[in-house]
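Colleague: structure for this input, please:
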Amino acid sequence: MQKFVCCANSLQYPKRFLATDVKKGLNVLFFGTDNFSLPSLKILHKNSSTDIINQLGTVTSFKNPANCVRLFASQQNIALHRWPVEAELCHNYDLGVVVSFGHLIPQKLIESFPLGMINVHASLLPRWRGAAPIIYAIMNGDQKTGVSIMKIEPKHFDIGDILAQREINIRPNVYMSELYVELAEHGANLLIDVLRDFHNKLSIATKQDNAAATYAPRITQSLTEVTWSNINAEQLHARFRALHGFKQLSAQFQGKTIILVDIKLPQLITKEADMLLHSQPGAFIYQRSKKCLYVRCANNSYIEVHQLRIEGKKIMSAMEFNNGYLKKQTIANLLFEIKKVAC
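Modeller: Numbers count the residues shown, from 1 in each chain. Reported below is the predicted structural model:
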């Protein structure tokens, strides 16, 4: 099979993609592992055996028995291959399509596809290159995000030329789990639009502005541990929404790890907050009128905690926490702390 060559002033297509032969469609090998991948695999399968996609195969990890990509491919009798794969397999396909795969693709595999590989990324690249673009967009208060279809380049994530982008607004107070589903569907629809006119999209692909790049690295445990003196209530609520469905925020109370299950921004600062005016960040009281904990954050701001969980125990309401753990405590002792690191 001949290689596809894209030069500044000329385009050369493999023989099977000449104008007289375009109706055969592409042979596509899909790489994905999770719920963000699944809508893209479904739309590729829906359009297989058409003038868009001739043949479809899937590569995924077999480590997780609940892998939804593996399950769907098996149910629909899509050719299924265990990661890692050999370059010889890729010779049977024209194009590799990667969606939320989580593995760096070796250069040998990328170069094995006559048309290379493309990726569906959940941001408006070059903003939020990396593993967690949706989380960082919400956490940093972005008002818009979107999906990008980009060429995959060897040795680096998310630096390739952009074939297409679709922008959407981030709704106020949206949770990551909601935006995740929305972007997965937008990514799938944009992907099939690109494949429908693939050679043209490839010929007009644009380079990313590296100077404008921001990064969304993998989420570490330190991001979930609340340092009350360094984060105001609005930032804390944004982080809570950004991690929703993936990780939970935590704090320490009298040597116990507390998981913050449900927090909200107060619509109105009550008079009960006056009791915390001279307290340090992390100090809290129980508000009987709202049946929640009122916690002081940085910059004299406040967050409401409605549900929480002591590590190893069931989720409880703020009222249950108050009745079980706070009634014999003085206000001076009510303080969420940061996790102490052993020397």
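
Colleague: what about the strands in the stretch 151-300 of the chain?
Modeller: 162-169, 249-253, 256-264, 284-287, 292-297 (DSSP state E, counting those that start in this stretch).

Colleague: any idea which of these is most buried?
Modeller: strand 292-297 (a mean of 25; mean count of other C-beta atoms under 10 Å). All C-beta spots, glycine's among them, are computed from the backbone N, C-alpha and C.

Colleague: other SSEs contacting the next helix or strand after it?
Modeller: Next helix or strand after strand 292-297 toward the C-terminus (DSSP states H and E): strand 301-310. Using 3 or more C-beta pairs under 8 Å, 6 or more residues apart in numbering; DSSP states H and E as the contact criterion, the secondary-structure elements in contact with strand 301-310 are helix 233-243, strand 256-264, strand 292-297, strand 315-317, helix 318-321.

Colleague: can I get the strands of the stretch 151-300 of the chain in CSV including mean pLDDT and distance to G32?
Modeller: Conversion of those to CSV gives the following (pLDDT from 0 to 100; distance: least, C-beta to C-beta, whole Å):
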stretch, mean pLDDT, distance to G32
strand 162-169, 98, 18
strand 249-253, 96, 29
strand 256-264, 97, 30
strand 284-287, 92, 43
strand 292-297, 94, 39
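
Colleague: please convert those strands to CSV, extending it with distance to F101.
Modeller: Listed next are the strands of the stretch 151-300 of the chain as CSV, based on distance: least, C-beta to C-beta, whole Å:
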stretch, distance to F101
strand 162-169, 18
strand 249-253, 28
strand 256-264, 30
strand 284-287, 42
strand 292-297, 37
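
Colleague: out of those strands, flag the one nearest K313.
Modeller: Comparison of the strands of the stretch 151-300 of the chain against K313 by C-beta to C-beta identifies strand 256-264 as nearest, at 9.3 Å.

Colleague: so what strands line up beside that closest one?
Modeller: Paired strands of strand 256-264, with direction, are strand 249-253 (antiparallel), strand 301-310 (antiparallel) (DSSP bridges).

Colleague: of all these, which one is nearest L276?
Modeller: Nearest to L276, of all the strands paired with strand 256-264, is strand 301-310, at 7.5 Å by C-beta to C-beta.

Colleague: for V147, which non-adjacent residue is closest in space?
Modeller: Among residues not flanking V147 along the chain, G187 sits closest, at 4.2 Å (C-beta to C-beta, 6 or more residues apart in numbering).

Colleague: pretty sure that neighbour contacts I118?
Modeller: No. Under the criterion of C-beta atoms under 8 Å, G187 is not in contact with I118, lying 11.5 Å apart.

Colleague: picking that back up, can you redo the helices and strands packed on strand 301-310 as a markdown table with distance to S148?
Modeller: Putting those into a markdown table (distance: least, C-beta to C-beta, whole Å) gives the following:
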| stretch | distance to S148 |
| --- | --- |
| helix 233-243 | 19 |
| strand 256-264 | 32 |
| strand 292-297 | 34 |
| strand 315-317 | 37 |
| helix 318-321 | 41 |
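
Colleague: L109 belongs to a helix?
Modeller: Yes. Applying DSSP: H, G, I helix; E, B strand; the rest coil, one finds L109 inside a helix.

Colleague: let's number from 247 now, not from 1
Modeller: Sounds good: first residue 247 from here, last item L355.

Colleague: which ones are touching it?
Modeller: Contacts for L355 (C-beta atoms under 8 Å, 6 or more residues apart in numbering) come out as V331, A333, C336, G342, M363.

Colleague: which of those residues count as buried?
Modeller: Among the contacts of L355, those classed as buried by neighbour count (16 or more other C-beta atoms under 10 Å) are V331, C336, G342, M363.

Colleague: re the thing from before, wait, which of the strands of the stretch 397-546 of the chain is closest to K573?
Modeller: The closest of the strands of the stretch 397-546 of the chain to K573 is strand 530-533. By C-beta to C-beta, the value is 9.1 Å.

Colleague: so what's the gap between the closest one and the chain middle?
Modeller: Relative to its parent chain, strand 530-533 has a centroid offset of 34 Å by C-alpha atoms, centre = their mean, to the nearest Å.

Colleague: cool, and stretch 381-390?
Modeller: Here the centre of mass of C-alpha atoms in stretch 381-390, compared against the chain's by C-alpha atoms, centre = their mean, lies 11 Å away.

Colleague: re the thing from before, and the residue nearest to V393, how many neighbours?
Modeller: Look at G433: counted by other C-beta atoms under 10 Å, it has 25 neighbours.

Colleague: please apply the same query to S294.
Modeller: There are 18 residues near S294, going by other C-beta under 10 Å.

Colleague: equivalent analysis for E550, please.
Modeller: By other C-beta under 10 Å, the residues close to E550 number 22.

Colleague: that one: what's it in contact with?
Modeller: Residues in contact with E550 (C-beta under 8 Å, 6+ apart) are I509, K510, L511, P512, Q533, K536, C538, L539, Y540, V541.

Colleague: so which of those residues is the closest to A410?
Modeller: Distances from A410 to the contacts of E550, taken by C-beta to C-beta, are shortest for L511, at 36.2 Å.
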